[in-house]
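Visitor: pasting a predicted model and its sequence here:
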Amino acid sequence: MKECLILYCEKKDAGSGLDNLKEDKVKGRKRRITSALKVLLQKNVYSQISIQEIADEAGYSKGGVLHYFPTKDDIYIELINDMYAELDNNHRRILKIDLKSEEMAPISSLLGVESFVLDRANIIILINIILYSFENDTLRQMMNKFFENHRMFYENIIKENTKDEINPDGLDEKTAARIIQAVVFFIGLIEEFDPIDLDYIKIVKYVSNLLRAKNPVPDSH
C-alpha cells in the first residue's frame with residue numbers, strides 16, 4: 001500500500017511537472033506573438049496590421065496565432081496585460097525603497113519604470129494602442145487602468161516619502177502625481193517628434209527630486 005502511494009505521488013509530481021512545462025511553452029509562444037505585434041506597432045499604424053502580418057513576424061502560421069488568440073483584439077489585450085504587469089512589478093519594488101536616500105537604488109528602480117514611457121520605440125506602441133482603444137471598449141478600460149496604475153505609482157511614492165511635508169501650492173498627492181506623470185509621458189511623446197538624445201538617468205533623477213522635494217510648512221496665520 002505504501003509503495004503504491006509513493007508511486008502515485010511520483011506520477012502526480014511527474015504529471016505536474018509536464019503541466020508546468022506545457023504552460024511555460026504556451027506562455028513563450030504567446031510572448032513571441034505579442035513581441036511580433038510590438039515590432040509591427042513601431043513601424044505601422046494599428047489599423048493596418050493584420051493577423052497574417054503578426055503571424056509572419058512571429059514565424060507562425062495564421063492558424064497558429066489564432067490557436068492562442070482567437071481575435072486580434074486578444075493579442076492587444078495580452079500586450080497591455082504584459083505592460084501592466086511590468087509596471088506593477090516595478091511599482092511594488094520601488095515602494096520598498098526609501099527615496100530620501102541618495103543611493104542609486106531608487107534611481108535605478110524609477111528608471112526601470114520610466115524607461116518604458118521615455119523610450120521612443122515604446123511611445124509609438126502606446127500611441128497606437130491609445131488610438132485603438134477609442135474604437136474598442138475593452139482596450140479603453142484596460143488603458144484607463146494602465147494610466148491609473150502609472151499615476152498611483154507616483155502617488156504612493158509621494159505619500160510614503162513626504163508624510164511630514166506640506167505643498168505650499170496646496171497640491172494633494174493625486175494632483176502632484178498627475179503632473180509628474182504628464183511630464184514624463186509627454187517628454188516621451190515629444191521625443192518621438194523632436195529627438196534630442198535624452199539621458200534617461202538625468203530625467204529620472206529630476207523626477208525623483210520632484211517626488212522627494214521638501215516643501216516648507218505654511219504660516220498658521
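Guide: Received the coordinates, thanks.

Visitor: residue 192 and residue 123 touch, don't they?
Guide: Yes - the criterion here is Cβ atoms under 8 Å, and residue 192 meets it with residue 123 at 5.2 Å. Backbone N, C-alpha and C define where each C-beta goes, glycine included.

Visitor: and residue 166, what's its pLDDT?
Guide: We have a pLDDT of 55 for residue 166.

Visitor: how about residue 24?
Guide: pLDDT for residue 24: 88.

Visitor: quick check: which element contains it?
Guide: helix 2-41 (DSSP states H and E).

Visitor: after the strand or helix carrying residue 125, heading C-terminal, what element do we hit next?
Guide: With secondary structure defined by DSSP H and E, residue 125 is part of helix 120-133. For helix 120-133, the following helix or strand on the C-terminal side (DSSP H and E) is helix 137-161.

Visitor: what about residue 199, how many residues nearby?
Guide: 9 (other Cβ atoms under 10 Å).

Visitor: for the chain, what helix or strand is lowest in average pLDDT?
Guide: One helix or strand of the chain scores below all others by mean pLDDT, DSSP states H and E: helix 104-118, with a mean of 55.

Visitor: so which strand or helix has residue 52?
Guide: Per DSSP H and E: helix 51-58 holds residue 52.

Visitor: ok, and what's touching that helix?
Guide: 32-33, 35-37, 39-40, 44, 61-62, 64-66, 72, 75 (Cβ atoms under 8 Å, 6 or more residues apart in numbering).

Visitor: relative to residue 85, which of the residues you listed is nearest.
Guide: Checking the contacts of helix 51-58 against residue 85 by Cβ to Cβ gives residue 35 as the nearest, at 14.5 Å.

Visitor: list the contacts of the closest one.
Guide: residue 58.

Visitor: so how far is residue 145 from it?
Guide: Between residue 35 and residue 145 the distance is 22 Å, computed by Cβ to Cβ, to the nearest Å.

Visitor: how close does residue 132 get to residue 20?
Guide: In terms of Cβ to Cβ, residue 132 sits 34 Å off from residue 20.
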